[in-house]
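Asks: let's see this in three dimensions:
(one chain, ligands or ions: 2)
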Amino acid sequence: MAQLIGGLATSHIPAIGNAIHKGLQNDPYWAPFFAGYPPVQKWLGAQKPDVVVMFYNDHGLNFFLDKMPTFAVGAAAQYNNADEGWGIPTLPPFKGEVDLSWQIINTLIGQDFDIVTCQDMLVDHACTLPLKLFWPEGEAPVTIVPININTVQFPLPSAKRVYALGKAVGEAIAAWDSSKKVVVCASGGLSHQLDGERAGFINKEFDLQFMDSLVSNPEWATQFSTLELVEKTGTQGVELLMWLAMRAALSSAGPRVKEVHRNYHIPISNTATGLMAFALA
Ligand code: DHB
Ligand code: FE
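Replies: Numbering: from 1, shown residues only. Ligands and ions are numbered 1, 2, ... in the order given. The predicted structure follows:
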C-alpha cells in the first residue's frame, strides 16, 4: 500500500513568484519569509516523497465565476502552468499521478462527494508556488494530484465539509495499491483580505490559534461557518480551509502526527504568511 508520510501547508501569493524570478530571497523584505523553507526542504530531501496531493484554490485561471466547482480533482497526465496576467514566467508542465487521481475520485464519489473530475486542467500560482518553495532547485521531483476547493465565489463549502473531504482523501491514499510515498499539501491563507472595506485585514491571534489547533485539536476550526471564517480571517484568508483538508487527510494516523516545523510572518503583500510541516512518527 502507498505510504502517506506527512503534510505541508504554505501561503501562496503571486509576488513570491516574482521574488524568486528576481532572486530577492535575501532582500530584507523577503528574507523572513524565505527563511522558513530550508528546514522543510531538508525534510523533503530526506523523506523523498514521490507524489504531492495539492489542496488549493484556482484563481480564475482554470475556473472562472461562470463555472465554479465546489470541489474539483485533477485526473490529467500533465498539468500546464499558464500566466495569470502578473507577468511571472511560467514553470514547465507538471506530471500527473493519474492512478492516484482515479483512486481519490472513486473514493470520493463512493463516499457521496459530488466532485468535478478534470482530465484537462491548468494550474495557477497556488499549485505551482508551493512546489517551487519546497524544491527550489530545478523541477520538483514529484508527480501531482491537484484538488481544488472553492474559496473564491460564494457559496463556499463549510469547514466541516472540507474536513470530511480531506479525511476521505487520506483514506484513498492509504488504500492506494502502490509502493509510492505521498505527501499532502495545502496552499493558501493565512489571514488576508485583498479588496473591499477591510482590504489589508490580518488577524494574527486567530492565525496562531488555528495553527496550534492543527497540532492538538485538528477539528477545532470545523465549529465555524464559512461566514465566521471570513469574518475572522478575511475574504481570501478563508483559503485556510486548504490547511484543514490537509490536516484531515492525516487524521487517521491519530497521535502519530507530529509538527516538525512552522513559520509565521507578517506581511508579504497584504497577507499573513504561514508555513507548517507535519510528519507521521
Ligand atoms: C495575494 C494573495 C493571494 O492569496 C492571492 O491568491 C493573490 C494575491 C496577495 O496578497 O497579493
Ligand atoms: Fe490566493
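
Asks: does Gly96 touch Tyr79 like I think?
Replies: Yes. At 6.0 Å, Gly96 counts as touching Tyr79 under the criterion of CB atoms under 8 Å. Bear in mind the C-beta positions are built from the backbone N, C-alpha and C, glycine included.

Asks: any common contacting residues for those two?
Replies: With contacts taken as CB atoms under 8 Å, 6 or more residues apart in numbering, the residues that reach both Gly96 and Tyr79 are Ile144.

Asks: neighbour count winner among these two?
Replies: Tyr79 (24 against 21; other CB atoms under 10 Å).

Asks: wait, a strand at that one?
Replies: Yes. Membership of Tyr79 in a strand is supported by DSSP: H, G, I helix; E, B strand; the rest coil.

Asks: contacts only, for it.
Replies: By CB under 8 Å, 6+ apart, Tyr79 lies in contact with 93-94, 96, 121-123, 127, 144, 146.

Asks: and Gln111, what does it touch?
Replies: Applying CB under 8 Å, 6+ apart to Gln111 gives the contacts Ala168.

Asks: ok, how many other residues are close to the residue in the stretch 151-281 of the chain that ligand 1 sits nearest to?
Replies: Nearest residue of the stretch 151-281 of the chain to ligand 1: Ser269, at 3.2 Å (CB to the nearest ligand atom). Neighbour count of Ser269, defined by other CB under 10 Å: 13.

Asks: quick one, grab the pLDDT at it.
Replies: In this prediction, Ser269 carries a pLDDT score of 95.

Asks: for it, give me its contacts.
Replies: Counting by CB under 8 Å, 6+ apart, Ser269 makes contact with 13, 15, 192.

Asks: show me what from the stretch 1-150 of the chain comes close to ligand 1.
Replies: With CB under 6 Å from any ligand atom as the criterion, the stretch 1-150 of the chain meets ligand 1 at residues 12-15, 59.

Asks: one more pass at 8 Å, please.
Replies: Selection of the stretch 1-150 of the chain residues close to ligand 1 by CB under 8 Å from any ligand atom yields 11-15, 57, 59, 125-126.

Asks: secondary structure, pLDDT and distance to Thr273 for the residues you listed - can I get that in CSV?
Replies: Formatted as CSV, those follow (DSSP: H, G, I helix; E, B strand; the rest coil; pLDDT from 0 to 100; distance: CB to CB, whole Å):
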residue, secondary structure, pLDDT, distance to Thr273
Ser11, coil, 98, 4
His12, coil, 96, 9
Ile13, coil, 93, 7
Pro14, helix, 92, 13
Ala15, helix, 93, 11
Asn57, coil, 97, 16
His59, coil, 93, 17
His125, helix, 94, 14
Ala126, helix, 96, 13
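
Asks: most neighbours of all those, which one?
Replies: Ranked by neighbour count (other CB under 10 Å), those have Ser11 at the top, with 31 neighbours.

Asks: so how far is Gly188 from that residue?
Replies: According to CB to CB, to the nearest Å, Ser11 stands 7 Å off from Gly188.

Asks: same check, this time on Tyr79
Replies: 18 Å.

Asks: and Arg262, by the same measure?
Replies: 16 Å.

Asks: so which of these two has more stuff around it?
Replies: Ranked by neighbour count (other CB under 10 Å), Arg262 and Gly188 place Gly188 first, with 28 against 19.

Asks: quick one: residues contacting the nearest residue to Ser225 once chain neighbours are set aside.
Replies: Nearest residue to Ser225, sequence neighbours excluded (CB to CB, 6 or more residues apart in numbering): Ser158, at 6.6 Å. Neighbouring residues of Ser158 by CB under 8 Å, 6+ apart: 222, 225-226.
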